[in-house]
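>>> sequence first, predicted coordinates after that:
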Amino acid sequence: MKNCILIALLLLLLSCKKEENTNSDEIEKVETTSHYAVEDTIVADTAAVAVEEESPETESVEEESGNSNINFEKFSVEVDKDFKKAPLDWASNEYSGMFKTRIIEAYKSDKIDFAGHYIGVLFGCGAGCVSGFMIDVRDGKIYSAPLGEQNSCFFNQNYAVCEDNSRLFVSAICKENEDDEKLFYIAYLWDEDQKVFKEIESKEFITAEK
């Protein structure tokens, strides 16, 4: 009888000890898992900071779009600074009447945009398409800018690039493919005497890479 009681007590003690070891292992496992989770979070945050610190300085929009190599000065003109705007001459352009609101709003500007005497008007004409006019402040005549679908491209980097003191008008700066580094240009030169745009090759206005 005593032997039976002793065996029962021994089994009870072994059972308690095993349960205690199991609980201890589970606690240690939980603590270990939690530790690595925290470390993973710290490593991820550190990596993000490192990438941000090592990133090179972002290039200016002008450099990325190809504007920086355009020699506008080669075709420079004097800008009319003290001008009085003439009334808009709607009869000078057969298409201007379709865009009266846009033209009237743009002509409120007191800033010359192109070739010394012209205020520009730009507006969208569909996906990836831009159209517009330019208005001579001296007589109010309205001229169509060399834009639209025929002067656009699929991988367009910039469009309607011009300066107030130059006769050069770059309709579009393009790429053949999205990943190309080389750019090509669709550009025109304003003939003030004949009042027309004449196409010009990029070799005439692109300077050496900076």
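Okay, I see it.
>>> and residue 94, how far from residue 142?
Distance from residue 94 to residue 142, counting by C-beta to C-beta, to the nearest Å: 10 Å. For glycine as for every other residue, the C-beta is placed from the backbone atoms N, C-alpha and C.
>>> right, I mislabeled it, should have said residue 205
Taken as C-beta to C-beta, the span from residue 205 to residue 142 is 26 Å.
>>> same check on residue 95?
Relative to residue 142, and taking C-beta to C-beta, residue 95 is found at 9 Å.
>>> of the two, who's got more company?
residue 142 (23 against 10; other C-beta atoms under 10 Å).
>>> strands paired with the helix or strand where that one lies, and their directions?
Assigned by DSSP states H and E, residue 142 belongs to strand 142-144. Here strand 142-144 is paired, per DSSP bridges, with strand 130-136 (antiparallel).
>>> the strand it pairs with - what's its average pLDDT?
The average pLDDT within strand 130-136 is 96.
>>> got it, and stretch 113-124?
96.
>>> same question for stretch 150-170.
Stretch 150-170 comes out at a mean pLDDT of 92.
>>> who's in contact with stretch 179-189?
Under the criterion C-beta atoms under 8 Å, 6 or more residues apart in numbering, residues 66, 70, 75, 146, 151-153, 155, 157, 167-176, 197-200, 202, 205-206 lie in contact with stretch 179-189.
>>> for stretch 200-210, same thing?
Counting by C-beta under 8 Å, 6+ apart, 63, 68-72, 74-75, 168, 184-185, 187-189 sit against stretch 200-210.
>>> can we see that at 7 Å?
The contact list for stretch 200-210 (C-beta atoms under 7 Å, 6 or more residues apart in numbering) reads 68, 69, 70, 71, 74, 168, 184, 185, 187, 188, 189.
>>> and those residues, which of them are in strands?
With strands taken from DSSP state E, the overlap with those comprises 168, 184, 185, 187, 188, 189.
>>> helices and strands of the protein: which one bottoms out on pLDDT?
Least confident helix or strand of the chain, by mean pLDDT, DSSP states H and E, is helix 2-54 with a mean of 42.
>>> partners of the closest residue to residue 143 other than its chain neighbours in the sheet?
The shortest distance from residue 143 to any non-neighbouring residue, by C-beta to C-beta, 6 or more residues apart in numbering, is to residue 134 (5.2 Å). Here residue 134 shows beta-bridge partners residue 120, residue 143, assigned using DSSP bridges.
>>> list the contacts of residue 134.
Residue 134 touches 114, 118, 119, 120, 143, 145, counting by C-beta under 7 Å, 6+ apart.
>>> want to try a markdown table for these, with distance to residue 87 and neighbour count as columns?
Formatted as a markdown table, the contacts of residue 134 follow (distance: C-beta to C-beta, whole Å; neighbours: other C-beta atoms under 10 Å):
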| residue | distance to residue 87 | neighbour count |
| --- | --- | --- |
| 114 | 20 | 24 |
| 118 | 16 | 25 |
| 119 | 13 | 22 |
| 120 | 18 | 20 |
| 143 | 16 | 19 |
| 145 | 21 | 23 |
